[in-house]
Each structure stands twice: as C-alpha cells, then as structure tokens.
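Q: predicted model, plus sequence, below.
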Amino acid sequence: MSLIAQVQAPTVDFRGLSPLIALVVGANVVLLAGLLRGAGVQRVLVPLLAAVTLIVAGALSVAIWETGDVEPLVQSALAMDTLTLSMSLLFYLAGLATIALSLRSSAVGEAGAGEYYTLLLASISGMVVLAAAENLITLFVGLELLSIPLYVLCGSAVRERASLESGLKYLVIGSVGSATVLYGLALIYGATGQTDLGRIAAAIGEQVEVGDPLLLTGIALTASGLAFKASVAPFHQWTPDVYQGAPTPITAFMAVATKTAAFAVFLRLFDAALSTNQVEWGPALAALALATILIGNVGAIGQRSLKRLLAWSGVAQAGYLLAGVVVGTRLGLQATAFYLATYLVMNMAAFAVVIASERVSERGDDISSVEGLGARSPVLAWPLTIAMLGLAGFPATAGFMGKFYLIDAAVDGQYAWLGVTIVVGSMISLVYYLRVVAAMWMAPDAPPLAGPVRRMSPASGGSPEADPRAQPETVAVALVCAALTIAIGIFPSPLFDLAVQVGTSISGI
C-alpha cells in the first residue's frame, strides 16, 4: 500500500500537446462524420471538419510560438520548439491545400470521404510527431504514423490500376526505408546506450569514440532510410512512378509535406544529436547532395508527364535542401527552413494547375495538356509560369531567395563547391522548366478544353468540368501560392525573421 502511495502520476502538459490533441480528436470526428449518409455530408461537412481541425491545430501552434517554447513533453520525447512549430504550420498549410484540391477528386468517393480525410489527418499527425521527436523511439513511431496512411492514400483511387500500383510500390519501398531507419537507430542505440537525442550527443566523444564503427554504421543506415523518404538519390527510384500513379492531390501533398517532415528530422537528428560526427557524415551527405542535384535535373529533361517532371524536380530540390543539412550550422538550419516554406508554395501552385488541366484534358498530365493555356486560361497559366520560374530560381521569386540562402550557408560552412553545384543544377533545370512555360505561351496549336472529356488521366481523380474556372477552389490555391511565391521573392524579410527564430531551436550549432 505504501508503494502505491508513492507512485506519482506523470504531469501532462496539455498546452504543449494541444496541436497533436486537436489533430487526433479531429481525425476521430471526421471518421465518425463520414459514417453519416447524404451527399452534403460527404462533399461539404467532412472536408470542412478536416479543414477546421487543421486550422485549430495551426492556431494552437501559433499561440505556443507567441508565448515561448514549452518544456520537453512526454518525458522529453517530444520538443514543441520553433523548429517543430514552424514545420507543423507547413504541414497544416499543405493539408488545407490538399483538402481544397481533393474536393472534386473521384478518389475521395472511391475511398470514402471520412476515411480519406482521416488518413490525411493521421499522416499529418505523424509528421508533427516526427518533427518534434527528441527520442529514437518517438522518431520511428512518427515515421510509421506518417507513412502508413500515405500508403493507403496513394492507392485510394481503387478503380485505377496506376493508383493501386503506386500504393503497392510505395508500401514496398517505404517499408524497406523504414526498416533501414530502424536498423540504423538500433545501431546508434547500441553504440551510445541512449535513446534521447540530447544524451546521444553527450555520449559521443565521452562514452563512445567519434569514429566508432558501430556508430558510423548506424548513422549511415539511418541517413539511407531517411533518404528514401526525402527522395534523395540514389534512393529516389520510387518517386516518379509513385507520384504519377497516385491521385494528384495526394501527389502534391507528398511532394511538399513528406519532404518537409523528412528534412525536419534530418535537421534534428544530424545537426543536434550527431553534430559531433559532422566531420564524418558531412562529406558523405554532401556527395549525396551533389548526385541528387545532378540526377534529378538531368532525369527531368526527358519527361513529358508533368507529374513525373515535378517528381524529378523534387529529387533535385531535395539535393538543394540537403546542402543546408550538410554544413551543420545555424545558418544551414535557417536556410533549410526558409527553403522548405518556399518549396511548399511553389510546388502547390504547380500541382494545382496540373490538377485543373488534367481534369478537363484528354491528354491527362502530359505536357501537351497545357499547350496554349496562356491564351485559353491566363488565370491558370500565370500561376504555373510563376511556379516554374520560382523552382528554377529566377530573381524576384521565392525560389531565388531560397537558393541564395542555401548557397550562402554552403559557402559559410566551407562547402563552396556545393554552392556552385546548386547554381549549375539551377542552370540545367531551365531546360525543362522553360519548356513548360513555352508550351503554355508559345504553342502554335492549342488543344481546346471545351467539349466532352473522352479520357481521364490515371489517378487524376477528375470531374468533367470543361473550363478550369469551374474549379474555383483549385484556381484559388494556384493563385494564392503563386502570389506568395512573388511576395516572398520581393519581400523576404518576414520569412527571414521566422527562419532566424527557427535557428534558435537547436543548441550547440
């Protein structure tokens, strides 16, 4: 009886956990609402509840950010610091954009609205856990919570062979990546005897030598597994096939949110817990960054599918982002966080136009589907043009400022050659980005969008609107993201200031 009296219940910081609680509660409410009958419930109420969940979680995250960092949560397993909060806001924004882009998707009807949006919220919950992970076990739990719903969402267009194939490929490759991460984390634990990231950092150099083979093998395997999730070469082979086959709204979500989560944990694990080993893993990751930039940009040149083109572009962008991790400095952390935000708005603008076009064109997501778009629908052509120029790094766009920031971080971190590689990669990317722009504005014969649609593209999740302007939510996402791309390029100071705050989240760099 005396032992029972001595047991104390753990203290739960509900304020710090409030964004995660909102996501979990909202996911359950959405799932239950999806059981109700009626077209209005499925098409309006369920996505509205999902959007409200993300808005509430975002508002709670902003409130925590404004009042200051909270203490580590759940026995120091989670950290609601500025890195977690900033990445979480990107997840919520990507989720809101995905909900808007999914409103007319046939994949929602085939999978069930309640199940579709619940899986989306569950994946976002995993991303938040992954970004906040201060413990190896929590890191793996977040990785699996992120991945498993996405496996299902990729195959949610159950009547499309390409979608089912996409889900299966992502399941197999993702499982290999997760197993590799788990094996690497186990070796890191075996070498250090610790699971908390802070204690691992303290153990390296004191309890275990920096060059310990077991530790270095664990770091290598962990980096390889995370490289699968981030589409870093040579672990990128799944990306074009999965992106092309998945429902396009899910492709857009994966392209930005999954990459953001992967690099968030890259920053927290390598630049915090493993910073002592930066001399060992830095050159290896720099070599991966070099290969990723070149392979991604060269691979995109021959693509006619816009989704595959953006997939190869995403591989190259992962190489740019990896440069911010490699240097292991606060400036690198800030540059990576800044570029992740710009990458989100540029890619969402591009994917929104691809969705609007493939839903009404018999050519699906082929580049010919946007030929003459500038004459037919400038309201869509301009956002895609701005997105392509931003991804290429043209001045006065967010992409230019983001790449400039990464180059500055690379040079400051004694990796000037990696900064040169970013410039060279950007020059190569002009070949395929400008080809899309030329197709929209300079194509001599534009295929009409009016009239019946004879064939929908695989996994497009399309509906038969003959005019892209009949999809106001899709157009709105494209216009807002394009406007942000220009606004950040011209007035980057607010986002710079936020990135500086994010840089204070990890001590010791």
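A: On my side now, so go ahead. Residues are numbered from 1 along each chain as shown.
Q: other SSEs contacting the longest helix seen in the chain?
A: Ranked by residue count under DSSP state H, the longest helix found in the chain is helix 161-192. Helix 161-192 sits against helix 136-154, helix 197-203, helix 213-230, helix 238-245, with contacts defined as 3 or more Cβ pairs under 8 Å, 6 or more residues apart in numbering; DSSP states H and E. Where you see a C-beta, it was placed from the backbone N, CA and C, and this is true even at glycine.
Q: spit out the contact partners of residue 186.
A: Shown in contact with residue 186 (Cβ atoms under 8 Å, 6 or more residues apart in numbering): residue 218.
Q: separation between residue 60 and residue 345?
A: Going from residue 60 to residue 345 by Cβ to Cβ, to the nearest Å gives 23 Å.
Q: higher neighbour count, those two?
A: residue 345 (28 against 21; other Cβ atoms under 10 Å).
Q: so is the more buried one in a helix, a strand, or just coil?
A: Secondary structure for residue 345, judged by DSSP: H, G, I helix; E, B strand; the rest coil, is helix.
Q: separation between it and residue 298?
A: Residue 345 sits 26 Å away from residue 298, going by Cβ to Cβ.
Q: repeat that for residue 399.
A: Between residue 399 and residue 298 the distance, using Cβ to Cβ, works out to 19 Å.
Q: which of these two has more neighbours?
A: Taking other Cβ under 10 Å, residue 399 and residue 298 do not tie; residue 399 has more neighbours (30 against 16).
Q: tell me the contacts of that one?
A: By Cβ under 8 Å, 6+ apart, the contact list for residue 399 reads 342, 346, 389-393, 485, 489.
Q: run the last query once more with 7 Å
A: By Cβ atoms under 7 Å, 6 or more residues apart in numbering, residue 399 lies in contact with 342, 346, 390-393.
Q: nearest to residue 150 among those?
A: Relative to residue 150, the closest of those is residue 346; by Cβ to Cβ it sits at 21.4 Å.
Q: I'd say the closest one and residue 389 touch.
A: No: using Cβ atoms under 7 Å, residue 346 is not in contact with residue 389; the gap is 9.1 Å.
Q: just to revisit the earlier point, out of the helices and strands packed on helix 161-192, which is the most enclosed?
A: helix 238-245 (a mean of 24; mean count of other Cβ atoms under 10 Å).
Q: output the next helix or strand after that helix in CSV with nothing but the alpha carbons.
A: Going down the chain from helix 238-245, the next helix or strand is helix 248-253, by DSSP states H and E. Output of helix 248-253 as CSV, limited to C-alpha atoms (Å, rounded to 0.1, in the frame of the first residue of the first chain):
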residue,chain,number,x,y,z
THR,A,248,-2.8,14.1,-57.9
PRO,A,249,-3.9,15.9,-54.7
ILE,A,250,-2.1,13.2,-52.7
THR,A,251,1.0,13.6,-55.0
ALA,A,252,1.0,17.3,-54.2
PHE,A,253,0.8,16.6,-50.5
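Q: any low-confidence regions in the stretch 301-450 of the chain?
A: The stretch 301-450 of the chain contains residues with pLDDT under 70 at 444-450.
Q: how about the helices in it?
A: Taking DSSP state H, counting those that start in this stretch to define them, one finds helices in the stretch 301-450 of the chain at 306-326, 330-358, 373-376, 378-392, 398-412, 416-442.
Q: mind putting these in a markdown table, distance to residue 28 included?
A: Below are those laid out as a markdown table (distance: least, Cβ to Cβ, whole Å):
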| stretch | distance to residue 28 |
| --- | --- |
| helix 306-326 | 32 |
| helix 330-358 | 27 |
| helix 373-376 | 42 |
| helix 378-392 | 35 |
| helix 398-412 | 36 |
| helix 416-442 | 41 |
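Q: for the nearest residue to residue 305 once chain neighbours are set aside, grab phi and psi.
A: Distance criterion Cβ to Cβ, 6 or more residues apart in numbering; nearest residue to residue 305, sequence neighbours excluded, is residue 365 at 5.3 Å. For residue 365, the backbone dihedrals (degrees, to the nearest 10) come out as phi -100, psi 20.
Q: for the spatially closest residue to residue 25 that is not a sequence neighbour, give its distance to residue 247.
A: Nearest residue to residue 25, sequence neighbours excluded (Cβ to Cβ, 6+ apart): residue 53, at 7.8 Å. Separation of residue 53 from residue 247 (Cβ to Cβ): 21 Å.
Q: ok, those two, which is more surrounded?
A: Neighbour totals were compared for residue 53 and residue 247, and residue 247 leads with 32 against 27 (other Cβ under 10 Å).
Q: gap between that one and residue 398?
A: Applying Cβ to Cβ, the value for residue 247 to residue 398 is 26 Å.
Q: quick one: distance of stretch 425-445 to the chain centre.
A: Here the centre of stretch 425-445 is set off from its chain's centre by 25 Å, with Cα atoms, centre = their mean, to the nearest Å.
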